[in-house]
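Engineer: need the 3D shape of this:
(2 chains)
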2 protein chains.
Amino acid sequence: MIHGKNFIGSELSAEGSGSFQTFSPLNLTELPELFVEATKMETELAVAKACEAYKIYKKKSGKEKAAFLRAIADEIELLGPELIGRACAESGLPEGRITGERGRTVGQLRLFASVLEDGSWVEASIDPAMPERKPMARPDIRKMLQSVGPVVVFTASNFPLAFSTAGGDTASALAAGNPVIVKVHPYHAGTNELVAGAIIRAAQKTDMPDGVFSSLNAFDFSVGQALVLHPEVKSVAFTGSFVGGKSLYELAQKREEPIPVFAEMGSVNPVLLLPEKVKENTAKLAATIAGSINLGAGQFCTNPGVLIALKSEETEVFKTELANQISQLLPEKMLHQNISKNFERKAKYIFENKEVAKLAESEKLSAELQGRPVVARVSGADFIANPNLAEEIFGPFSLLIECDGTNELTEVVKAFRGQLTASVIGTSGDITTFRDQIELLQEVVGRLIFNGMPTGVEVGYSMQHGGPFPASTDGRFTSIGVDAIKRFVRPVAFQDAPDGYLPDELKNANPLNIWRRVDGQLTKEPIKN
Amino acid sequence: MIHGKNFIGSELSAEGSGSFQTFSPLNLTELPELFVEATKMETELAVAKACEAYKIYKKKSGKEKAAFLRAIADEIELLGPELIGRACAESGLPEGRITGERGRTVGQLRLFASVLEDGSWVEASIDPAMPERKPMARPDIRKMLQSVGPVVVFTASNFPLAFSTAGGDTASALAAGNPVIVKVHPYHAGTNELVAGAIIRAAQKTDMPDGVFSSLNAFDFSVGQALVLHPEVKSVAFTGSFVGGKSLYELAQKREEPIPVFAEMGSVNPVLLLPEKVKENTAKLAATIAGSINLGAGQFCTNPGVLIALKSEETEVFKTELANQISQLLPEKMLHQNISKNFERKAKYIFENKEVAKLAESEKLSAELQGRPVVARVSGADFIANPNLAEEIFGPFSLLIECDGTNELTEVVKAFRGQLTASVIGTSGDITTFRDQIELLQEVVGRLIFNGMPTGVEVGYSMQHGGPFPASTDGRFTSIGVDAIKRFVRPVAFQDAPDGYLPDELKNANPLNIWRRVDGQLTKEPIKN
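Structural biologist: Residues are numbered from 1 along each chain as shown, chains lettered A, B, ... in the order given. Presented below is the predicted three-dimensional model:
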């Protein structure tokens, strides 16, 4: 049963007069439940509870926080078909995709739990005292990462589970020792409610303080803005559009105390098609690319929105193959009318640039809300003259840039701003020949992929999901994978602290048996005193 | 011989019409040499050269960059007495201090060289492929930190060597693989010129590309602003006032591509005087604190600008002792008339708050430009009502806050915003009794010191010099110590990259024999393929 209320910590609250319903792309109607928007007072209360909870939560051991994260994962799984059904209804995504996304969500939570159990993630560093050093004795200095305070998470439209209520942002912020306040995405408020309930139950079962998690319903910007501007909020995570992310970033910079906004704002993920490889198996390559463009109706921040190739006979063959593939693709449903309208508008508008030609579009459109796959084509020279053509069109769209020779290719590559990813499709010969151009791409991306599509992001230790601006507001951090935890911490050094005051991570005996940098060398050895 | 020109890479250039002289606090006159301000064109040229140099410099191995940093240290030492003399003349600081600062400067350069030679600092992380994983094969993903591009360094007034031309910012930015453009501080342009020459010679001797380092003279803000706004500049480091740092930060946020500004803007470094310890050896404690307040005429960002104590008989004794000590302190010369005038104005203006009383001031003022040590006193209640009283007064000033009981002490501690450091002066009993208050301080500082003064910052692996805003613009990073290098890098992931394309740090064989995180576990073992 969906109640439509806000979670102010464990308390359900619906004081407001505004409400909204979620929309189902499956039958193109609004779902019946009303979600009551959070009031100013409820927003204040959620932050106040988070501050109180922080005092207790920040002192929980890694193992205690791990138990909390594991309990969240368990509670999410216990929701069973109800969660899957609601997420499918609110997103229109097929059951297989939603089930997979749930697996990823609980997998992320358990991965962060294992990182906390291991404990070495805090980057403990110890420079023991040197009382005999001349001309001055050296004090004992020890450092580690610590939590920062309440974190606000803006959930994503395109991942109702894995980038939402208990997604990577929430998991990493909680793992780092911070309370989380979720600003609910109005497209899947019911899914959110189910997951928020699971988090609250997990918090209660593992003895976490009330206020460690809150969830606020909001249809427009006001709740989110109030959260970002609240002086007690210390960090913000966002996944969504450039306009949304940038405006939150600017808002946070206007505060008396500016705070970080980790906005992952998507990108066009250029795919560099190198000649030997294009020649090798043209049909298969075209099919792979077409599939990646259309995957999930192109609603991924890692969608291959730009293809770059050299003009050649092989590229002509590739174009024909790609056009065939695209024209035969079965369009998928998009998440919401707003997204679909926006896509249609932009995928049409780009052709008002006379230099942009339509290469192909799917002929299989059969129902409302479907995103029709489209591929456009522009010359390298025209693209260099107007690199704004590479602005993201969220949906199953890609722009093929055809370059007249290597020099033009180089200039095309140089025209790109920050990207989450770039792909290089090439033989080992290609990679040697075009090393300079690949290195130029490397300079503007967070992840450089060889002979693979950008869609599909691994959650692991080595993932980097975040590129130079405008792909992200802060390309020094990742929003996917273990290192996402580093967004919500800061280092603190202790000088000549008594062992009894120090956190376990820095105590002489190394009771947690973690890796520590002692005088610059990694070791698990205790410190002799 | 001082020539007064700008270094556009290795080229000396003086195209501008504006010029300035440096001032010597020793004899209160301007030194004869003219420094020609950089023009817009020269600024453009320095950035263009940095971009060209970056292409080559970023590919230099750790060992090659280490050789460059070691050569800079050697060249600085070779400058011998000429450098010491010039720095003393331009700062008025005693020879012992300047010699010590030179030691610290070359020590920092060599420390970063050793970090590069070791190589493990890049946080290499490898998740090998799992072709058999179900339901989908896992690709090979590898990640490491890489350089970002040209960095602009604004040098500090109060450390003509260690926080200036070849100071910690320059050393860490160069170590990270980025070219550096220094905006010269107009107080010590001659010292800068000597050190810049040393850097250029070192670059030539170790075969570094021209443009890896430039130095631009500037008396006002225009050159610095042009640098921060230049689209090819990727990061900024600054040490100085809140007003200066904040304005550069805001400027950088207004760019089409916002960039990080690491501004270390100083703080008041509260010293918490706990009752048992105050009782223990009152006279010695008062002498230590008085000495720290007056050290270098209080011109340190770690000066103890606030003392916090509980009202008691012992505190009365401490106050009398401190007043005695302060009144007998020999004032030291300040760096510049502007700094001294600013100090006098602020140290006078604070007493216009009627609740602030003068506890003591030195009676030994004997010459112009000396900074007269002053200690003021305010009640805890009055401070809580007006926490702005804790704004930094750059110079030998400190404000004693006397608290009426533990609750008031708690509220006083809560009133503090971000600080570089806080000190706790207490017995082990005190530390147990006041643990809550100490933990509140920990929440707002970069470094928590036990029974030590904040002045004196170690350059090592575990140092944290950077606190929450407004102490720094980004408390997640340090501007002193090995980890300062992390300011000027970002992670890049490689997916399924051929071994031949990968940087040495990520190659299967681990040819650099560095620590790498493989599937989350630290190891130096190679990857089997």
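
Engineer: for the closest residue to residue A:520 other than its chain neighbours, grab the count of nearby residues.
Structural biologist: Among residues not flanking residue A:520 along the chain, residue B:461 sits closest, at 4.7 Å (Cβ to Cβ, 6 or more residues apart in numbering or on different chains). In short, each C-beta sits where N, CA and C put it, glycine included. Neighbour count of residue B:461, defined by other Cβ atoms under 10 Å in any protein chain shown: 20.

Engineer: residue B:461 and residue B:478, how far apart?
Structural biologist: Separation of residue B:461 from residue B:478 (Cβ to Cβ, to the nearest Å) stands at 11 Å.

Engineer: strands of the stretch 251-400 of chain A, start to end?
Structural biologist: Taking DSSP state E, counting those that start in this stretch to define them, one finds strands in the stretch 251-400 of chain A at A:261-264, A:271-273, A:306-310, A:332-333, A:357-361, A:370-371, A:374-379, A:397-403.

Engineer: could you dump those to a markdown table with distance to residue B:332, mean neighbour count and mean pLDDT?
Structural biologist: Shown next, in a markdown table, are those (distance: least, Cβ to Cβ, whole Å; neighbours: other Cβ atoms under 10 Å in any protein chain shown; pLDDT from 0 to 100):
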| stretch | distance to residue B:332 | mean neighbour count | mean pLDDT |
| --- | --- | --- | --- |
| strand A:261-264 | 43 | 27 | 97 |
| strand A:271-273 | 61 | 25 | 98 |
| strand A:306-310 | 62 | 24 | 98 |
| strand A:332-333 | 73 | 22 | 94 |
| strand A:357-361 | 74 | 18 | 97 |
| strand A:370-371 | 71 | 22 | 96 |
| strand A:374-379 | 67 | 22 | 98 |
| strand A:397-403 | 64 | 25 | 98 |
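
Engineer: chain B is nearest to which of these?
Structural biologist: Closest to chain B of the strands of the stretch 251-400 of chain A is strand A:261-264 (Cβ to the nearest Cβ; 10.6 Å).

Engineer: what's in contact with the closest one?
Structural biologist: Contact partners of strand A:261-264, identified using Cβ atoms under 8 Å, 6 or more residues apart in numbering or on different chains, comprise A:169, A:228, A:235-240, A:244-246, A:248-249, A:251-252, A:301, A:420, A:465-466, A:471-474, A:477, A:479, A:487.

Engineer: just the ones of the residues you listed in helices?
Structural biologist: Counted as lying in helices by DSSP state H, out of the contacts of strand A:261-264, are A:169, A:228, A:244-246, A:248-249, A:251-252.

Engineer: what about stretch A:508-526, average pLDDT?
Structural biologist: In this model, stretch A:508-526 has an average pLDDT of 98.

Engineer: can you pull the buried residues of it?
Structural biologist: For stretch A:508-526, burial by neighbour count (16 or more other Cβ atoms under 10 Å in any protein chain shown) applies to A:510, A:512, A:514-518, A:520.

Engineer: show me the contact partners of that stretch.
Structural biologist: Counting by Cβ under 8 Å, 6+ apart, residues outside stretch A:508-526 touching it are A:62, A:118-120, A:122-128, A:499, A:504-506, A:527-529, B:114-115, B:118, B:120, B:460-462, B:482, B:515, B:522.

Engineer: where does residue A:101 land in three-state SS?
Structural biologist: Classification of residue A:101 by DSSP: H, G, I helix; E, B strand; the rest coil places it in helix.

Engineer: tell me how many other residues crowd it.
Structural biologist: 20.

Engineer: ok, it to residue A:179 distance?
Structural biologist: From residue A:101 to residue A:179 the distance is 25 Å (Cβ to Cβ).

Engineer: one step back: please spell out the ChimeraX selection for the buried subset of the contacts of stretch A:508-526.
Structural biologist: To isolate the buried ones among the contacts of stretch A:508-526 in ChimeraX, judged by 16+ other Cβ under 10 Å, type:
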select /A:62,118,119,120,122,123,124,125,126,127,128,504,505,506,527 /B:115,118,120,460,461,462,482,515
